[in-house]
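S.K.: task: produce atomic coordinates for the following.
(one chain, ligands or ions: 1)
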Amino acid sequence: MADLVKQVGRRIEELRYRLRLPAVECPARRAGQLTRHKPRLAHVWLPSVTSFVLHDPQCSFDRRICDLGGSAHVSGQLSKAGGRLRSVGRASDPPSPRRELPGVLRRQGRSRTGAAQGIGEAYVTALAARGSSVLVADLNAELAAAVAAKIVADGGKAAAVRVDVSDPDSAKAMAELAAETFGGIDLLVNNAAIYGDMEFSSLTNVDWAYYRRFMSVNMDGALLCSRACFTSMRKRGGGAIVNQSSTAAWLYSSFYGLAKAGVNSLTQQLAHELGGMNIRVNAIAPGPIDTAATRRTVGEMISPIIEGLAIKRIGVPDDLVGMCLFLLSDEARWVTGQIFNVDGGQVFRS
Ligand SMILES: NC(=O)c1ccc[n+]([C@@H]2O[C@H](COP(=O)([O-])OP(=O)(O)OC[C@H]3O[C@@H](n4cnc5c(N)ncnc54)[C@H](O)[C@@H]3O)[C@@H](O)[C@H]2O)c1
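M.R.: As a prediction, this is how the structure comes out:
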């Protein structure tokens, strides 16, 4: 740990010099303090591949540098996996001491995760790589455990839990586990959905039991997880929720589009119910993303869809990560109730 701190200290000094920031005491000289410092929590919960993230202050020097340096500060984030300071920014205001997700960061040569990985895993992996601890929650317990194990093997902090987001008790148990494991909840990402292998039928003939199950997962799941988590966020002074929508909300796609339109409206309505508690709620509406689920669900129909995009390639999960991190961060502190398309220019909205 001492070596790591020294390494970060040196890097911060370099960055300070490059950015012409006022001199600050190098955190390396305060290694004793850093190692004794208790983790401060900033969690992200990504139902399916849904998780909770805990930001470890040993890996973030934002506040410390702010404390030491006055008006200008370096925003640094240590990748536990790589042991390098990955990003740096400059801000006129000190970052919030409460949540320290790094916000919009310049990525330094980070390679994309494989296109075969699902979107939730890309979110979780990116958050863990930025020093956050995550609880990976999914209906598929094995998948969740494997994702968590990979994060841990890469030097991150993660736990896994099985959750059915359509079941209030299961969502509640997930929230309780997150609070127990990490001490509280700051951030929630509602990504779970029936998507891979979903049935194709119209609203007029879909089997009613299937429709009810589908809507309870794809629409109500986001509400149930938000209901399970917001109290902990409120206790901690606020938080942020990101719901996973889809461009399908504006295109014909039967009950799938209907559920995503519901997620959009949920985002807007919840933003008002929770805004007074300093909890922000936003949504990401991806266009077609190359995941195993898309390959199974869309198959060869993907070619004409790509033709219709302004940017003529299918998206990959990493294309969405920047928006997710931004919305969860304090960089987005005055952004709520919004739906952001990340879709290669698939749909017009006016
Ligand atoms: N891939 C795309 O092109 C695309 C585009 C727009 C939006 N989306 C949305 O992004 C999200 C992830 O998509 P993906 O391609 O990674 O699909 P995916 O099928 O790999 O991910 C969905 C995950 O949700 C989990 N899940 C299903 N039911 C659940 C339940 N009841 N409780 C908890 N977890 C449950 C599944 O096990 C799976 O891990 C979904 O919300 C999807 O609708 C995907």
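S.K.: could you list the buried residues of the top helix by length along the chain?
M.R.: As assigned by DSSP state H, the longest helix anywhere in the chain is helix 254-275. Buried residues in helix 254-275, counted by 16 or more other Cβ atoms under 10 Å: 254-264, 266-267, 270-271, 274. In short, each C-beta sits where N, CA and C put it, glycine included.
S.K.: now, which of the residues you listed sits nearest residue 244?
M.R.: The closest of those to residue 244 turns out to be residue 263 (Cβ to Cβ; 7.4 Å).
S.K.: list the contacts for the closest one?
M.R.: 190, 218, 219, 222, 243, 244, 245, 249, 283 (Cβ atoms under 8 Å, 6 or more residues apart in numbering).
S.K.: how about 7 Å then?
M.R.: 219, 222, 243, 245, 283 (Cβ atoms under 7 Å, 6 or more residues apart in numbering).
S.K.: try residue 243
M.R.: By Cβ under 7 Å, 6+ apart, the contact set of residue 243 is 190, 222, 263, 266, 267, 283.
S.K.: who's the first one bridged to?
M.R.: Here residue 190 sits in beta bridges with residue 243, going by DSSP bridges.
S.K.: give the burial count for it, as a bare number.
M.R.: 29 (other Cβ atoms under 10 Å).
S.K.: my guess is it contacts residue 224. True?
M.R.: No. Counting by Cβ atoms under 7 Å, residue 224 is not a contact partner of residue 190; they are 9.2 Å apart.
S.K.: would stretch 148-165 count as contacting the ligand?
M.R.: Yes. Using Cβ under 6 Å from any ligand atom, a contact is recorded between stretch 148-165 and the ligand, made by 163, 164, 165.
S.K.: will you turn those residues into TSV that also has secondary structure and neighbour count?
M.R.: Output for the residues of stretch 148-165 next to the ligand, formatted as TSV (DSSP: H, G, I helix; E, B strand; the rest coil; neighbours: other Cβ atoms under 10 Å):
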residue	secondary structure	neighbour count
163	coil	30
164	coil	21
165	coil	28
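S.K.: possible to save those residues as a markdown table with pLDDT?
M.R.: Shown next, in a markdown table, are the residues of stretch 148-165 next to the ligand (pLDDT from 0 to 100):
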| residue | pLDDT |
| --- | --- |
| 163 | 97 |
| 164 | 97 |
| 165 | 97 |
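S.K.: returning to that earlier point: now, which of the contacts of residue 263 lie within strands?
M.R.: 243, 283 (DSSP state E).
S.K.: which of the contacts of residue 263 sits closest to residue 310?
M.R.: Among those, and counting by Cβ to Cβ, the member closest to residue 310 is residue 245, at 19.0 Å.
S.K.: for that closest one, give its distance to residue 145.
M.R.: 27 Å (Cβ to Cβ, to the nearest Å).
S.K.: who has more neighbours, these two?
M.R.: residue 245 (27 against 17).
S.K.: contact residues of this structure facing the ligand?
M.R.: So the chain meets the ligand at 47-49, 118-120, 138-140, 143, 163-166, 191-196, 217, 244, 246, 286, 288-289, 291, 293-294 (Cβ under 6 Å from any ligand atom).
S.K.: list only buried entries from the residues you listed.
M.R.: 47-49, 118-120, 138-139, 143, 163-166, 191-195, 217, 244, 246, 286, 288-289, 291, 293-294.
S.K.: residue boundaries of the strands in the stretch 251-350 of the chain?
M.R.: Here the stretch 251-350 of the chain has its strands, by DSSP state E, counting those that start in this stretch, at 279-286, 339-342.
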